[in-house]
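K.L.:
what's the 3D shape of this:
(2 chains)
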There are 2 protein chains.
Amino acid sequence: MQTPRTTPSRTAKRAHYDTESIYAILDEALFCTISYAIDGQPWSLPTAFARDGDRLLIHGSVGSHFIREVEKGIPVCISVTLLDGLVLAKSGFSHSVNYRSVIVFAQAEKVEDYDQKVRALALITDQLIPNRWADLRPETVSEIRKTTVLSFSLDEASAKIRTGGPNDEPEDQELPIWSGVIPLETVRRAAIPDTSSQSLPLPAYLR
Amino acid sequence: MQTPRTTPSRTAKRAHYDTESIYAILDEALFCTISYAIDGQPWSLPTAFARDGDRLLIHGSVGSHFIREVEKGIPVCISVTLLDGLVLAKSGFSHSVNYRSVIVFAQAEKVEDYDQKVRALALITDQLIPNRWADLRPETVSEIRKTTVLSFSLDEASAKIRTGGPNDEPEDQELPIWSGVIPLETVRRAAIPDTSSQSLPLPAYLR
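P.N.:
Residues are numbered from 1 along each chain as shown, chains lettered A, B, ... in the order given. Below you'll find the model as predicted:
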């Protein structure tokens, strides 16, 4: 949603407020960075998350300083960044990066219901490794008690996206300096089994 | 440096305060996320950076809202995260990720000297694409005037690192559930030339 906070001061044409753009970026990301402030001092923490419809879910230890501050419902800023390429121009000034980023302004709501907590943990696990949760032994009551789940509205979220090649100044176009894009990609390498799993077949969802 | 702010409340054994560990993570990263707060409201922004000895350098447009706030010298928190692997355990609770992260608490110092600004822009460009700067047409005075360079001390920085396989509970070890690590890697794909560079050879540093 476009609000004063989600309207960038620069490169406004890169801003997107439609849920399709925002959700696609969130669904591809493997972590978010959550920021909050105490007495004017900002703190940031990278953490796993999942999107659940129009909500963003995170989890953490009930003893974590970060969780105990954020669960109070103070304002947070959640940042997700996917780097897609390095954009090489003929001048340093026109160098850029191709990226897809999301920023969310929200406050935490604590998920207290037992089944909803289990469901959130399943979604967070499956965001990283699709179809993993169904394979695991059930969580214990103690494990769920030790875990805090926080939920954030995605109402005040926005995306910024840059794609394409360099935008050199017209007078630079003829310079004999190589320009173009170096695509970046995050890849998953072959799974390495733990010693306890040497004789177990690799599940289909990991192939 | 270990200070109350850089001492994690959880998993203290993952914390590192030696400059070798911290600098290696910063030198590999392609962007950082800078957070700051205005009237208790946190803001975050991903941006390119370079390490220059015991300083971290960023740049931005003189007109950027972000730059104009941070250049005042308010407290910032700078976060860098490299994801190295997904750690699959036999329980959801023991799932984890292998990562290397750095957090820096600092305040901006504005770089005013012309030559120091140019040097900073060279370092930021070469952090993304080593040896690129030497190939580019010189910056113009106008471009340097339009760009703000900010410098941050790395004195109050710390790293967190997780490596290795899953740490399942002893009673879970025998479960016939595949466990192990899926390594993650950020790779650079083949360079795509701009239309203005179709007939130019690819520089050696991009091969």
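K.L.:
Could you say which helix or strand holds the nearest residue to residue A:16 once chain neighbours are set aside?
P.N.:
Once flanking residues are discounted, residue A:16 sits nearest to residue A:159: 4.2 Å by Cβ to Cβ, 6 or more residues apart in numbering or on different chains. For the C-beta atoms, the positions are set from N, CA and C on the backbone; glycine is no exception. Assigned by DSSP states H and E, residue A:159 falls within strand A:157-162.
K.L.:
Pairing partners for the residue nearest to residue A:16 in the sheet, please.
P.N.:
Beta-bridge partners for residue A:159, by DSSP bridges, are residue A:16, residue A:102.
K.L.:
so which strand or helix has the nearest residue to residue A:107 once chain neighbours are set aside?
P.N.:
Distances taken as Cβ to Cβ, 6+ apart put residue A:73 closest to residue A:107, at 4.6 Å, once the chain neighbours are dropped. Under the criterion of DSSP H and E, residue A:73 resides outside all helices and strands.
K.L.:
What helices and strands are in contact with the host helix or strand of residue A:98?
P.N.:
Per DSSP H and E: residue A:98 is located in strand A:96-107. Strand A:96-107 is packed against helix A:19-28, strand A:75-88, strand A:147-153, strand A:157-162, strand B:41-47, with contacts defined by 3 or more Cβ pairs under 8 Å, 6 or more residues apart in numbering or on different chains; DSSP states H and E.
K.L.:
To residue A:133, which of those lies closest?
P.N.:
Closest approach to residue A:133 among the helices and strands packed on strand A:96-107 (Cβ to Cβ): strand A:147-153, 14.4 Å.
K.L.:
mind exporting that closest one as PDB, just the C-alpha atoms?
P.N.:
Coordinates of the C-alpha atoms in strand A:147-153 are reproduced here as PDB (Å, rounded to 0.1, in the frame of the first residue of the first chain):
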ATOM      1  CA  THR A 147       9.200 -20.900  20.700                       C
ATOM      2  CA  THR A 148       7.500 -17.500  20.100                       C
ATOM      3  CA  VAL A 149       5.700 -16.900  16.800                       C
ATOM      4  CA  LEU A 150       5.100 -13.300  15.700                       C
ATOM      5  CA  SER A 151       2.800 -12.200  12.900                       C
ATOM      6  CA  PHE A 152       3.000  -9.000  11.000                       C
ATOM      7  CA  SER A 153       0.500  -7.400   8.600                       C
END
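K.L.:
In its sheet, which strands sit next to that strand, and in what direction?
P.N.:
Partners of strand A:147-153 in the sheet, by DSSP bridges, are strand A:55-61 (antiparallel), strand A:109-111 (antiparallel).
K.L.:
So which bits of the last one are buried?
P.N.:
Yep, that's strand A:109-111 we're talking about. For strand A:109-111, a neighbour-count test (16 or more other Cβ atoms under 10 Å in any protein chain shown) marks residue A:111 as buried.
K.L.:
how about residue A:148, what does it touch?
P.N.:
Neighbouring residues of residue A:148 by Cβ atoms under 8 Å, 6 or more residues apart in numbering or on different chains: A:59, A:60, A:61, A:62, A:64, A:67, A:71, A:110.
K.L.:
per-residue confidence for it?
P.N.:
On the pLDDT scale, residue A:148 is placed at 98.
K.L.:
what's the answer for residue A:153, then?
P.N.:
Note for residue A:153: predicted pLDDT of 98.
K.L.:
number of nearby residues for it?
P.N.:
Residue A:153 has 16 neighbouring residues, counting by other Cβ atoms under 10 Å in any protein chain shown.
K.L.:
what's across from it in the sheet?
P.N.:
residue A:55.
K.L.:
Show the buried residues in the contacts of residue A:148.
P.N.:
A:59, A:60, A:64, A:67, A:71.
K.L.:
Got the phi and psi for the nearest residue to residue A:63 once chain neighbours are set aside?
P.N.:
Spatial nearest neighbour of residue A:63, excluding adjacent residues (Cβ to Cβ, 6+ apart): residue B:10 at 6.5 Å. Dihedral angles of residue B:10 (phi, psi; degrees, to the nearest 10) stand at phi -130, psi 160.
K.L.:
Number of residues surrounding residue B:10?
P.N.:
Count around residue B:10 with other Cβ under 10 Å applied: 14.
K.L.:
so who does it touch?
P.N.:
So residue B:10 contacts A:61, A:63, A:64, A:65 (Cβ under 8 Å, 6+ apart).
K.L.:
and if you look at residue A:143?
P.N.:
Residues in contact with residue A:143, defined by Cβ under 8 Å, 6+ apart, are B:91, B:92, B:93.
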